[in-house]
Structure formats: structure tokens, C-alpha cells
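**Q** Whatever this is, show me its structure:
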Amino acid sequence: MKLPILFLYNHDAAHQVAHSAGILGELALTCGDRPIIAAFGSAEIKEQVEKLLTQDQVAAVQWVGLSLPSWLNFLLAPLNRFVPARRIMRLYWSKKKLRRMAMIVSTERTCLTLKRSWRRGTCPRFAYIPHGSGDRNVAMHPALKDFDLFLLSGQKVVDQIVGAGITAEEKCRIIGYPKFDILRGRKAEKFFPNDNPTFLFNPHFDPHMSSWYEQGEAVLDYFYNHPEYNLIFAPHVMLFFKSLHISPEYKVAKKRPDIADKFCRAANIRIDTGSEKLFDMSYVLAADAYIGDVSSQVYEFLHQPRPCFFIDVHSGAPAQEPAYEFWRNGPVVQTAEQLFPLIPKWQEIGREYLAEQERLLDYTISIDPRLSAAQRGAAALLADLHAAS
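**A** This is a model prediction of the structure:
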């Protein structure tokens with residue numbers, strides 16, 4: 001029996017799971033000569049992985065828990081409010097069994113701390129599947145250079161990673177966007193008992209870049225006073241995971257504002273700060289228009305091009321030259337007050353940006369009508385191991 005391929009699910013929230021679970025399930029059913037393992041940090045994360053698999057796939061996967069002793073979890077709790085202390089400790093607590101893999105597949109770079117500690121002797125290959133296809137420089141972190149293989153959504157991400165000097169093009173494989181596989185056969189849910197236009201407000205958690213801290217309440221208040229529109233407030237799942245947010249990159253810390261009760265009671269506003277619908281594409285399927293700042297989730301919304309609006313609270317870039325590529329998908333404003341006059345013109349604005357949205361989506365995410373992203377990803381992983389053996 002060949003050494004296993006291990007998929008690492010070690011985050012504190014489940015928003016990254018759908019970016020690799022389909023590939024895990026595909027390999028589990030088709031790779032009979034090699035164990036396929038899912039290593040999970042909590043029972044909640046395991047449950048989310050299982051929801052994205054068939055019963056046969058769940059049975060074929062080998063499940064490995066990475067949980068820490070309760071006493072260690074308790075000791076790490078204060079530190080975990082500021083840094084991913086539990087996430088890192090789970091890796092080191094299980095490092096002996098993790099080293100016995102042929103490959104470790106991850107959607108984030110924390111696992112590379114293990115590779116750096118294994119400089120001597122044999123070491124698994126490390127494959128990276130980004131949890132999104134955004135355009136911020138944090139997605140191009142220099143530490144990513146230690147991955148051996150990159151499974152990327154489209155040519156844009158290849159160009160970004162190679163252009164940033166992180167890796168060479170021969171280490172990149174374009175597989176499409178695995179999360180789009182979960183859209184097959186799904187219909188949009190209806191979250192309001194009317195046919196009014198529905199806007200999705202999706203602020204990020206980063207305290208330097210997020211529109212929530214200074215502009216968020218004004219956005220909610222506009223829709224509270226305009227019941228002719230519906231609003232789904234569905235922030236990045238990490239925004240309400242803790243109250244104090246620190247941006248190591250920008251050396252900024254801010255306390256996250258809470259939500260006023262009146263917005264929670266409004267018939268035309270749906271507030272969701274923690275359910276799985278924040279990351280299973282339920283809301284991007286249901287909305288007619290998108291309001292955001294720096295979240296790559298905009299590309300998930302644009303699986304079907306529709307109007308987008310962006311609030312830039314940090315870059316200082318002129319509107320005609322946006323700081324990020326994904327801000328070319330719609331108007332960019334600096335304040336909520338500048339956004340409000342645009343909302344009644346949302347359909348006209350959608351038509352104005354349609355061609356650019358289609359261009360950017362095609363550049364960002366490769367679609368193969370013959371193969372799913374999971375099938376393409378599974379084939380890329382096996383081909384890499386075969387070439388390395």
C-alpha cells in the first residue's frame with residue numbers, strides 16, 4: 001500500500017472546507033491503492049466536510065482527529081483570541097503521524113511550520129489550494145513558496161503567484177474552482193416573503209480594510225429605512241468569531257462593533273453572523289446585487305454576473321484606478337453615503353459592468369464542461385506524486 005494523501009482541515013471555522021472537500025471525496029473513491037485521510041481539528045469541522053461528501057465517499061475516507069487535551073485547550077484559550085495558537089499547537093501535537101504521509105493538502109499556510117521543522121530527513125510533499133481567488137497581496141504571502149504544488153482556479157492566480165516570485169509556473173496546475181462544484185443541481189433559496197431586490201452585504205474581518213467598523217451601521221440603516229429593498233447581512237465568518245481583531249500585516253487592532261437590535265427585528269433585513277450559509281454559497285445564489293470591500297467571495301457571487309458595489313475605506317486609490325483587480329467589477333466608493341445614490345440604479349450599473357465581470361471571471365476561474373474541479377484536482381495530485389516518485 002502506498003503512503004497516504006492527507007487533507008488538512010485545521011481551521012477554527014469551516015469556511016475553507018468546500019475548497020478541497022470535493023477533491024478529497026473524488027480521491028477516496030478512485031484511489032484504491034493509496035489511503036486518503038481527512039485530518040480535522042474539531043467535530044464541527046468534520047461534520048462540515050461530511051456534508052459535502054456522498055455516503056460512499058464518507059465511508060472511503062480515513063478520518064484522523066487532531067484534537068488537543070482539554071487542559072491544553074484551556075491553557076491556550078486566552079492566547080487564541082489574538083493568534084491561531086490552537087491551530088499551530090494541533091499541528092505540533094500530531095506532527096509524528098503527519099510526517100508519515102506522501103502528501104499534505106491544505107487551504108492555508110500554517111501547515112508549513114511543520115515542513116520547516118522537518119528540514120532533515122524525509123518529508124511529505126505539500127500541496128496548496130487557495131481558499132478563494134482574490135486579488136489582495138495577503139493572498140501572495142512569501143511563505144507560500146514552501147509549497148511543492150499549487151492547485152489554482154485560473155490563469156489569473158497563476159500569473160499573480162508567479163509574478164510575485166512565490167513559485168515557478170511548472171509547479172502550478174489550473175483545476176478550476178472546487179467550491180463551484182457544490183452548485184450543481186442547486187436552486188436559490190428564498191429568504192424573504194416578497195420579490196423585492198435583495199442586496200448582499202459581505203464585509204471582511206480585517207480591521208484595516210473592512211467596511212464594517214466605520215461604515216457598516218450606515219449601510220444597515222439605509223436598508224432599514226428603505227423597505228423596498230431586502231438586505232442579507234452575511235459578513236466573512238471570522239468577523240463575529242471574536243470581538244477584537246488584529247491585522248499583523250498592517251499593525252492595526254480594532255474592536256468589532258456589534259449590531260443594533262432594530263436591524264435584527266427588521267422584516268427586510270436578514271442577519272447571519274455564524275451559520276454555514278455564510279460559506280456554502282446560499283447567499284451568493286439568492287442575492288440580486290453585492291456590496292463588499294476586500295473579500296474574494298465576490299468571485300463566488302459572480303459565478304452569475306450581477307451588480308457589485310465596493311466600499312474602499314483604506315487604499316486611497318482613485319476610483320478610475322482601483323487598488324485591486326476585483327474592484328473593476330463595479331463602482332468603488334469611499335463611504336456609505338457615496339454608495340446610497342447608486343443603489344436605485346443597481347440594474348443599470350449591472351449592465352454597465354457586465355462585460356468586465358465576464359472577462360475577469362473567465363481570467364480568474366477556469367471552467368471545463370467535461371470535468372469537475374474535483375476531478376481535475378484529484379488528477380493533478382496523483383500526477384504530481386507519480387512524477388515525484
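
**Q** now the protein, which segments are flagged as low pLDDT?
**A** Applying pLDDT under 70 to the chain flags residues 137-138, 319-320.

**Q** Residue 154 contacts residue 359, correct?
**A** No: in this structure residue 154 lies outside contact range of residue 359 using C-beta atoms under 8 Å: 11.9 Å. For the C-beta atoms, the positions are set from N, CA and C on the backbone; glycine is no exception.

**Q** quick one: which of the two has more around it?
**A** Per other C-beta atoms under 10 Å, whichever of residue 154 and residue 359 has more neighbours is residue 154, with 21 against 12.

**Q** How is this protein divided into domains?
**A** Domain assignment for the chain by automatic domain parsing gives 5-184+372-388, 198-364.

**Q** How many residues are close by residue 369?
**A** 4.

**Q** actually residue 268, not the one I wrote
**A** Each residue near residue 268 was counted by other C-beta under 10 Å, and the total is 16.

**Q** Ok, residue 171 next?
**A** Around residue 171 there are 18 residues (other C-beta under 10 Å).

**Q** List the contacts of it.
**A** For residue 171, the contacting residues are 147, 148, 149, 150, by C-beta atoms under 8 Å, 6 or more residues apart in numbering.

**Q** 6 Å instead?
**A** Neighbour list for residue 171: 149, 150 [criterion: C-beta atoms under 6 Å, 6 or more residues apart in numbering].

**Q** if I look at it, how far off is residue 141?
**A** 16 Å (C-beta to C-beta, to the nearest Å).

**Q** got it, and residue 253?
**A** Taking C-beta to C-beta, one finds residue 253 at 20 Å from residue 141.

**Q** likewise residue 111?
**A** In terms of C-beta to C-beta, residue 111 sits 13 Å off from residue 141.

**Q** And these two? Which one has more around it.
**A** The neighbour count for residue 111 versus residue 141, taken as other C-beta under 10 Å, is higher for residue 111 (24 against 14).

**Q** List the contacts of the more buried one.
**A** Counting by C-beta under 6 Å, 6+ apart, residue 111 touches 8, 104.

**Q** Could you rerun that using 10 Å?
**A** Counting by C-beta atoms under 10 Å, 6 or more residues apart in numbering, residue 111 makes contact with 6, 8, 10, 39, 87-88, 91, 98, 104-105, 124, 126, 128, 146-147.

**Q** From the residues you listed, which land in helices?
**A** Among the contacts of residue 111, DSSP state H puts 87, 88, 91, 98 in helices.

**Q** Tabulate these (a markdown table), appending distance to residue 308 and neighbour count.
**A** As requested, the ones in helices among the contacts of residue 111 are exported to a markdown table (distance: C-beta to C-beta, whole Å; neighbours: other C-beta atoms under 10 Å):
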| residue | distance to residue 308 | neighbour count |
| --- | --- | --- |
| 87 | 32 | 19 |
| 88 | 36 | 17 |
| 91 | 37 | 22 |
| 98 | 40 | 22 |
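
**Q** Not counting sequence-adjacent ones, nearest residue to residue 337?
**A** Nearest residue to residue 337, sequence neighbours excluded (C-beta to C-beta, 6 or more residues apart in numbering): residue 218, at 7.1 Å.

**Q** need the contact list for that neighbour.
**A** 211, 311, 335, 336, 337, 339, 340 are the contacts of residue 218 under C-beta under 10 Å, 6+ apart.

**Q** Wait, a helix at residue 131?
**A** No: read with DSSP: H, G, I helix; E, B strand; the rest coil, residue 131 is coil and lies in no helix.

**Q** Do I have it right that it meets residue 107?
**A** Yes: at 4.2 Å, residue 131 counts as touching residue 107 under the criterion of C-beta atoms under 10 Å.

**Q** Neighbour count: these two, which is higher?
**A** Counted by other C-beta under 10 Å, residue 131 and residue 107 do not tie: residue 107 has more neighbours, with 24 against 20.

**Q** Report the separation between the more buried one and residue 2.
**A** 23 Å.

**Q** same thing with residue 63?
**A** 19 Å.

**Q** Strands of the stretch 101-250 of the chain, start to end?
**A** Here the stretch 101-250 of the chain has its strands, by DSSP state E, counting those that start in this stretch, at 103-106, 125-128, 149-152, 172-174, 198-202, 230-233, 244-247.

**Q** any chance of those in a markdown table, plus distance to residue 315 and mean neighbour count?
**A** Rendered in a markdown table, the data for the strands of the stretch 101-250 of the chain read as follows (distance: least, C-beta to C-beta, whole Å; neighbours: other C-beta atoms under 10 Å):
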| stretch | distance to residue 315 | mean neighbour count |
| --- | --- | --- |
| strand 103-106 | 29 | 26 |
| strand 125-128 | 27 | 23 |
| strand 149-152 | 25 | 25 |
| strand 172-174 | 28 | 19 |
| strand 198-202 | 18 | 24 |
| strand 230-233 | 23 | 24 |
| strand 244-247 | 14 | 16 |
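
**Q** With distance to residue 183 as extra columns, can I get those strands in JSON lines?
**A** Output for the strands of the stretch 101-250 of the chain, formatted as JSON lines (distance: least, C-beta to C-beta, whole Å):
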{"stretch": "strand 103-106", "distance to residue 183": "22"}
{"stretch": "strand 125-128", "distance to residue 183": "23"}
{"stretch": "strand 149-152", "distance to residue 183": "19"}
{"stretch": "strand 172-174", "distance to residue 183": "19"}
{"stretch": "strand 198-202", "distance to residue 183": "16"}
{"stretch": "strand 230-233", "distance to residue 183": "18"}
{"stretch": "strand 244-247", "distance to residue 183": "30"}
